[in-house]
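> no letters, just coordinates:
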Ligand code: SF4
Ligand code: SF4
Ligand code: SF4
C-alpha cells in the first residue's frame, strides 16, 4: 500500500485532514492535506528528508484543531506522538496513524531500536539495532579522555537552539535553557557543559531517539549519542522507555512509590 | 464527510533565509494562514537541514508591530506616513545638501546581502559614481 492509498482510505473513514509530504520545487515539505488534495500526497517518505512530524501535530493542536487527522509516522514519529499524548500535549485519540517502516539502511544510520510503528501500512519491517556502537565507542574512552571529548564538542556550540527547536518532544513554554540563573544570556558558546547537560537531563525521560537534533546541529555535536546514553540510564533505573506505549508512566509523572501526578489531559 | 474547509490548516513554504548572504534553505510554517514558525530545509545544498539562531527566528519579524511597512517622515515630533515619491525626494535633498556642505565622505551607504547582485551593483554606482564616496558596506559583515 502507498501512503496516498492509505490516506484515501482514511478520508473515506472520515478524517478531516492528513499530515503527509508534498513534493514541490524538488523538496519534500510537510503539509496538512484535505480530501481534494489527496492526489498530491507523496507516495513514500524520503529517507534523507525527515521532519518533526509529532511536533507539527502538536502545533496544529495548539492552533485549535477542529477535527481528526491522519498522520504519516515512522517508528520515531509514533513514539513522539505517544510521549506527547501521555504528557497531555496532544489528543492521541484524534489521530489515525499511517505507519511507515524504515529501511534497513535508515535503521542502521539511526542505530534505531524500533524502526517501525505499531502497525505498518507502508514498507517492510526490519528488526531494530539493540546496541549503539556510537554509545559504546564513547563509553570505551577513559574518564579523562571522555570528559575532554565532550567538552571539546560542547565548546563548538553556536547556541542556535536548533536541537531544542526541532525536537518533537520539546514543548515547555519556559525553557530551562533560557533561564538566566542556569545559562547566562549573550555568550557563545553557551556556558558549557551546563547548557548541554541541562538538555540531556531534560530529555532523559522524554527523548524518543529520532536524531533530528543531531541532524540540525550546525556544529555536528553528537547529541543523539549523548541522549541515547541518558535514556539508557533512565531505562536502567526506572524501567521507563519514552514513547514505548501509552500505559508506562513517566518517572517525572510519579512522586515516590504511591503518588502519581495527574495525567494532564489535553485541553485546546 | 464533507470537503469543508478545515478550521485549521497547516502547510510549509520553501524559501531562503532573509538574514544574510549565506542563503540557508528554510521552510516557513503557516498555520491557519499565519506564518508561525521555521523549519530548516532538509537536503538543502547550502545548509543541509541546519540554521543559525537568526534563521530559526526569521518568522518573528514578519508580522511584528515594530516593523516599518510604510515610508515615515519625522514631522513636528511625530512620524507621519508619506508617499514614496515624497520620501525619496526628501532623502535626495538632504543628501545633496550634506554633500555640498560637508563633502561626499559625509555620506555612507548600506547595501544588503539579500539583494540581487544587480541591485548591489547599482547601490555601489550610486555611492561611488553619483555621490563620490567609497563608504559602502553591507549587512553580511557578520
Ligand atoms: S529513529 Fe530512524 S530508523 Fe528509527 S523509526 Fe525513526 S527514522 Fe526510522
Ligand atoms: S533525538 Fe533529539 S530531537 Fe529526537 S526526541 Fe531525542 S532529543 Fe528530541
Ligand atoms: S543544535 Fe548544536 S550548535 Fe545549536 S544549540 Fe544545539 S548543540 Fe548548540
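Looks like it came in fine. Everything numeric here is computed off the predicted structure, so don't read it as measured data. Numbers count the residues shown, from 1 in each chain, chains lettered A, B, ... in the order given. Ligands and ions are numbered 1, 2, ... in the order given.
> and the helices in the chain?
Here I'm looking at chain A. With helices called from DSSP state H, chain A shows them at A:3-13, A:53-62, A:75-86, A:104-110, A:133-139, A:143-155, A:162-166, A:194-203, A:212-216, A:223-238.
> if you could check chain B rather than the one you did, that'd help
B:53-56, B:84-102, B:117-125.
> looking at the helices of chain A, which is nearest to residue A:249?
When those are ranked by proximity to residue A:249, the top entry is helix A:75-86, at 8.0 Å, counting by Cβ to Cβ. To be clear about C-beta, it is placed using only N, CA and C from the backbone, and glycine gets the same treatment.
> rewinding a little: turn the helices of chain B into a markdown table, columns for mean neighbour count.
Shown next, in a markdown table, are those (neighbours: other Cβ atoms under 10 Å in any protein chain shown):
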| stretch | mean neighbour count |
| --- | --- |
| helix B:53-56 | 19 |
| helix B:84-102 | 12 |
| helix B:117-125 | 13 |
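> quick one: closest of those to residue B:16.
helix B:53-56 (9.8 Å).
> ok, and the closest non-adjacent residue to residue B:18?
residue B:114 (5.4 Å; Cβ to Cβ, 6 or more residues apart in numbering or on different chains).
> and the one you found, what is it in contact with?
Shown in contact with residue B:114 (Cβ atoms under 8 Å, 6 or more residues apart in numbering or on different chains): B:18-21, B:139.
> residue A:149 too?
A:138, A:141.
> just the pLDDT for it.
On the pLDDT scale, residue A:149 is placed at 97.
> look up how far residue A:131 lies from it.
20 Å (Cβ to Cβ, to the nearest Å).
> next: residue B:36.
Residue B:36 is 40 Å from residue A:131, by Cβ to Cβ.
> comparing the two, which residue is more hemmed in?
Per other Cβ atoms under 10 Å in any protein chain shown, whichever of residue B:36 and residue A:131 has more neighbours is residue B:36, with 18 against 8.
> and the more buried one, how far from ligand 3?
21 Å (Cβ to the nearest ligand atom, to the nearest Å).
> pLDDT wise, what is that residue at?
93.
> same thing with residue A:250?
Residue A:250 is given a pLDDT of 84.
> is it correct that it is in contact with residue A:86?
Yes. Between residue A:250 and residue A:86 there is a contact at 6.6 Å, judged by Cβ atoms under 8 Å.
> so what's the residue in the stretch 151-268 of chain A positioned nearest to chain B up against?
For the stretch 151-268 of chain A and chain B, the shortest gap (Cβ to the nearest Cβ) falls at residue A:218, measuring 4.1 Å. Residue A:218 sits next to A:158, A:160, A:162, B:50-52 when contact means Cβ under 8 Å, 6+ apart.
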